[in-house]
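Q: Let's see this in three dimensions:
(one chain, ligands or ions: 1)
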Amino acid sequence: MTITGNSALVLHGRLKNMTRRFRFSPRRRQYCVLTFAGILTMLLLGIVGYAISSMHYCFDVLVEWKISKICNQYYGNEITGYMCPELCAGDTISEFHCQPAKQTSEYHFNPNRFLARKAQQFVVVKHAVPDSSYEKLAWVDSRHQEEHYPSESEYGGIVRRYIELRYNIQLPFDKLNSLLKLKNKNNRILFHASMRNSWNLIQNNEYLLSRLYEEKEIFPQVIGTCGDLFITELLDTVEFDERRYHFTNHIDLSKWRYHLKVAVLILDYLEEMAQNRFQMCSVLLAGFGISDSRMKYHDLRYITTEASIDRRLSDGRWCRHDDDCSYHDCRSRCNATSHQCTTGLLNNNLQIVCEKIFRGTAKEPGILVTEKSPARLLRILERCAQPVSRADVDSSRPWGASKALKKQLYNELTSIYEHLASSSIYS
Ligand SMILES: *[C@@H]1O[C@H](CO)[C@@H](O)[C@H](O)[C@H]1NC(C)=O
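A: Residues are numbered from 1 along each chain as shown. Coordinates of the predicted model:
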């Protein structure tokens, strides 16, 4: 008892001595301050370096700041929108934050996409930031330095022509009207604000496609807008294991059934894309999501009409390799004599999905390449990812997979699924 008491006393004395020495030695203090400053600088440099090098880090604080800036513009009558009162009151729509990092791969990071909570559910907030092709609506005359806006009917014409030119889509009259929905027609300032916001949103591919194809339910539904922000539903992403090494790993029967089901839903989705002549130029499994048991694709930045993609790929830019004429997964060929991209799209949605999602690579097998996959399915997938024979090649896209092949794949998947269902009843 005394020994431990003694040693405790000694220890205490030493500690006191140390702290005293520490406290009163200016050299030590200086050393400490310097070390601390050094660590802090390194930490700061690290953060700045990370932010600059990856440029796709989203800070929740910045999202909040962005929203409050937009709300200030709303209170200053610079912007309008049906969703502004709810967005800015802060009680119905709240908890603005970045999307979780695991859902975004490097390629697909969208700096203008955030999450928020609206009542009981999460929603997506997207900011329609003008891109390089943005065209201004108002013009300023040099004499009076005055801004001139088109009239309402002129504006309707501008929008109609814009959509015709960019997407090769003829808009029905009622579709155009429901798209415009201009507000505050009696107040010149607010009316112009409303027109400016509408024009910003319309030039955003994601907003436009969601609005134009609302009733088809193939893209996330737009719930509301405020200025150049728009809010859409958040899809339930299809969930898969992060690392799928099925060749070595066992896959549960229930999981395998889920893979088959998702694959069939994706094929159905491609059918919708084909009917509306849409081309998907960057397809990721994480991009698919389910809403009310319907498959949708959430990232519309790389989806557009086939006509628009054909024009984009064959714009005559200089090229050395075929890759120079591609746009993400949409591929085309470089003309070896003129060194120009003059050919339109050569592959198609089905080929892209087979290659990237269903088959995958040896390192990252697709969702249909598992130890339970029958050899016949694997052979179909191979033909679909790299169609060669006449029957497998799409009639209009020489690197694309044909409708007949899609039907075969579909039948194969449903037959495997049904077989599993019937065998599991008796086993
Ligand atoms: C490549 O360009 C040349 C010269 O413009 C043209 O004559 C030729 O037909 C083109 N080839 C292909 C395969 O498009």
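
Q: For the most centrally placed residue in the chain, what are phi and psi?
A: Taking C-alpha atoms, centre = their mean as the criterion, Asp299 is the residue nearest the geometric centre of the chain, at 3.3 Å. Dihedral pair for Asp299: phi -100, psi 100, per degrees, to the nearest 10.

Q: Nearest residue to it in space, ignoring adjacent ones along the chain?
A: Distances taken as C-beta to C-beta, 6 or more residues apart in numbering put Gly287 closest to Asp299, at 4.8 Å, once the chain neighbours are dropped. To be clear about C-beta, it is placed using only N, CA and C from the backbone, and glycine gets the same treatment.

Q: rewinding a little: the residue nearest to the centre of the chain contacts Asn110, doesn't it?
A: Yes - using C-beta atoms under 8 Å, Asp299 is in contact with Asn110, at 6.9 Å.

Q: Relative to Asp60, how far out is the residue nearest to the centre of the chain?
A: Using C-beta to C-beta, to the nearest Å, one obtains 21 Å as the distance from Asp299 to Asp60.

Q: ok, now which ones touch Leu235?
A: Pro220, Phe288, Gly289, Ile290, Ser291, Lys296, His298 (C-beta atoms under 8 Å, 6 or more residues apart in numbering).

Q: before we move on, what about Cys98?
A: Cys98 touches Cys58, Phe59, Asp60, Val63, Phe114, Leu115, counting by C-beta under 8 Å, 6+ apart.

Q: Tell me the bridge partners for the residue nearest to the second one when sequence neighbours are not counted.
A: The reference is to Phe59. Among residues not flanking Phe59 along the chain, Cys98 sits closest, at 6.9 Å (C-beta to C-beta, 6+ apart). Here Cys98 sits in beta bridges with Phe114, going by DSSP bridges.

Q: hmm, back to that, can you tell me which of the contacts of Leu235 are up against the ligand?
A: Among the contacts of Leu235, no residue lies close to the ligand (C-beta under 6 Å from any ligand atom).

Q: Quick one, which of these are buried?
A: Pro220, Phe288, Gly289, Ser291, Lys296, His298 (16 or more other C-beta atoms under 10 Å).

Q: Need the pLDDT of Arg383.
A: As predicted, Arg383 sits at a pLDDT of 98.

Q: Apologies, that question was intended for Tyr50.
A: For Tyr50, the model assigns a pLDDT of 61.

Q: ranges for the strands of the stretch 201-350 of the chain?
A: 222-226, 229-233, 236-237, 278-280, 288-291, 294-297, 303-305 (DSSP state E, counting those that start in this stretch).

Q: For the fourth one, list every residue counted as buried.
A: Translated: strand 278-280. Neighbour-count burial for strand 278-280 flags Phe278, Gln279, Met280 (criterion: 16+ other C-beta under 10 Å).

Q: Turn the contacts of Leu235 into CSV, including pLDDT.
A: Putting these into CSV (pLDDT from 0 to 100) gives the following:
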residue, pLDDT
Pro220, 96
Phe288, 94
Gly289, 94
Ile290, 92
Ser291, 90
Lys296, 96
His298, 93
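
Q: Leaving out chain neighbours, which residue sits closest to the one residue in the stretch 101-250 of the chain that gets nearest to the ligand?
A: Scanning the stretch 101-250 of the chain for the residue nearest the ligand gives Asn168, at 22.3 Å (criterion: C-beta to the nearest ligand atom). Leaving aside its sequence neighbours, Asn168 sits nearest to Ala307 (C-beta to C-beta, 6+ apart; 3.7 Å).

Q: so the one you found touches Arg166, yeah?
A: No - Ala307 lies out of contact with Arg166 (C-beta under 8 Å); the separation is 9.5 Å.

Q: want to throw the strands of the stretch 201-350 of the chain into TSV with distance to Tyr74?
A: Formatted as TSV, the strands of the stretch 201-350 of the chain follow (distance: least, C-beta to C-beta, whole Å):
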stretch	distance to Tyr74
strand 222-226	7
strand 229-233	10
strand 236-237	31
strand 278-280	34
strand 288-291	28
strand 294-297	29
strand 303-305	30
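
Q: Show me the one of these that comes nearest Lys406.
A: The closest of these to Lys406 is strand 278-280. By C-beta to C-beta, the value is 14.7 Å.

Q: Quick check: neighbours of the closest one in the sheet, parallel or antiparallel?
A: So strand 278-280, judged by DSSP bridges, has these partners: strand 303-305 (antiparallel).

Q: What's the mean pLDDT across the partner strand?
A: For strand 303-305, mean pLDDT is 97.

Q: Give me the residues contacting it.
A: 167-169, 205, 209, 219, 276-281, 297.

Q: Tell me the helices and strands packed up against the top helix by length along the chain.
A: The single longest helix within the chain, with elements called by DSSP state H, is helix 26-54. Identification of packing neighbours for helix 26-54 by 3 or more C-beta pairs under 8 Å, 6 or more residues apart in numbering; DSSP states H and E yields helix 2-24.

Q: now Leu405: how far from Ala391?
A: 7 Å.

Q: For these two, indicate the residue with more neighbours.
A: Neighbour tally, Leu405 and Ala391, criterion other C-beta atoms under 10 Å: the higher count belongs to Leu405, 22 against 11.

Q: Give me the phi and psi for the residue lying closest to that one once chain neighbours are set aside.
A: Using C-beta to C-beta, 6+ apart and skipping residues adjacent in sequence, the residue nearest Leu405 is Asp392, 5.0 Å away. Here is the backbone geometry of Asp392 (degrees, to the nearest 10): phi -90, psi -20.

Q: thought Asp392 was touching Arg383?
A: Yes - between Asp392 and Arg383 a contact is recorded at 5.0 Å, counting by C-beta under 8 Å.

Q: which neighbours do these two share?
A: Residues touching both Asp392 and Arg383 (C-beta under 8 Å, 6+ apart): Ala401, Leu405.

Q: For the protein, which residues score under the pLDDT cut-off?
A: 1-11, 13, 15-25, 49-57, 101-107, 241-249, 424-427 (pLDDT under 70).
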